[in-house]
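K.L.:
Sequence unavailable; structure follows:
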């Protein structure tokens, strides 16, 4: 049976519960004549108290936790929906995944820079809350607006300038690379071949998000930096 210290009813005396249901008033313990079961009960109780103390945070930490707990109801009622660090990390991961995909597409053989703009489409599944956190307030909202399909479940946002694109992707948007390719075909009916690396710029981005499918589609318009060059080789 576990020992336990309890204040005696109506007094300040404390009692120690012993095995077999017996109780002993601590003030009546004779230090020169202590029974073995009393020593064992006190030993168990001391260990219990030490474990309880070890499980509690330091006083300063308890005070901080108490202050946070008191402030919590006010914060929850204030409508403050600031993203947590976990949310921010998740949003950065979405952006990184999209940009890495764009970077890979720009360097692929499917996107041959031959003096004309190219389109790259990327699709990403994300929850609406994440979409809003990443894209809301950026670029130019096309739909829904009060004048254009206000009840639509599809959101369309356009990014039309370098500054708008930087707000979304940061300075890394200026680090894209691709490859110049010969045109091939007419008049020599030759296959196109890789000529060399070139800098790539994004001239336009259209973002479309469907609430029903949680699908975010991004259509990038890209070209060689400076407009590229045309060539028949």
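P.N.:
Nice, I can see it. Treat the numbers as computed from the prediction; the structure is a model and nothing was measured. Residues are numbered from 1 along each chain as shown.

K.L.:
how far does stretch 86-102 sit from the chain's center?
P.N.:
Per CA atoms, centre = their mean, to the nearest Å, the displacement of stretch 86-102 from the mean C-alpha position of its chain is 9 Å.

K.L.:
Show me this structure divided up by domain.
P.N.:
Following automatic domain parsing, one gets these domains for the chain: 5-77, 85-227.

K.L.:
where does this structure have low pLDDT?
P.N.:
For the chain, the stretches with pLDDT under 70 are 1-14, 16, 19-21, 57-82, 185-189, 228-233.

K.L.:
How about residue 123, nearest residue that isn't a chain neighbour?
P.N.:
residue 217 (5.1 Å; CB to CB, 6 or more residues apart in numbering). For every residue, glycine as well, the C-beta is placed using N, CA and C.

K.L.:
was I right about that neighbour contacting residue 205?
P.N.:
No. Residue 217 lies out of contact with residue 205 (CB atoms under 8 Å); the separation is 11.0 Å.

K.L.:
Between these two, point out the one with more neighbours.
P.N.:
residue 205 (23 against 16; other CB atoms under 10 Å).

K.L.:
residue contacts, the more buried one?
P.N.:
Shown in contact with residue 205 (CB atoms under 8 Å, 6 or more residues apart in numbering): 139, 158-159, 165, 168, 218-221.

K.L.:
how about these in CSV, adding neighbour count?
P.N.:
Converted to CSV, the contacts of residue 205 look like this (neighbours: other CB atoms under 10 Å):
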residue, neighbour count
139, 20
158, 15
159, 25
165, 21
168, 19
218, 21
219, 15
220, 25
221, 14
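
K.L.:
Closest to residue 147 out of those residues?
P.N.:
Proximity of those to residue 147 (CB to CB) peaks at residue 158, which lies at 15.5 Å.

K.L.:
so what's that closest one closest to, chain neighbours aside?
P.N.:
In space, and not counting its chain neighbours, residue 158 is closest to residue 140: 4.8 Å by CB to CB, 6+ apart.

K.L.:
Have a look at this protein and report its longest strand.
P.N.:
Ranked by residue count, the top strand of the chain under DSSP state E comes out as strand 194-210.

K.L.:
And it, how far out from the chain middle?
P.N.:
The answer for strand 194-210 is 26 Å, by CA atoms, centre = their mean.

K.L.:
Could you name the helices and strands sitting against the helix or strand just after it?
P.N.:
Remark: after strand 194-210, the chain's next helix or strand is strand 215-224, criterion DSSP states H and E. Contact here means 3 or more CB pairs under 8 Å, 6 or more residues apart in numbering; DSSP states H and E; on that basis strand 215-224 packs against helix 85-106, strand 118-125, strand 177-181, strand 194-210.

K.L.:
One more pass at 7 Å, please.
P.N.:
With contacts taken as 3 or more CB pairs under 7 Å, 6 or more residues apart in numbering; DSSP states H and E, strand 215-224 sits against helix 85-106, strand 118-125, strand 194-210.

K.L.:
Quick check: closest non-adjacent residue to residue 23.
P.N.:
residue 15 (4.7 Å).

K.L.:
beta partners of that neighbour?
P.N.:
Counting by DSSP bridges, residue 15 is bridged to residue 6, residue 25.
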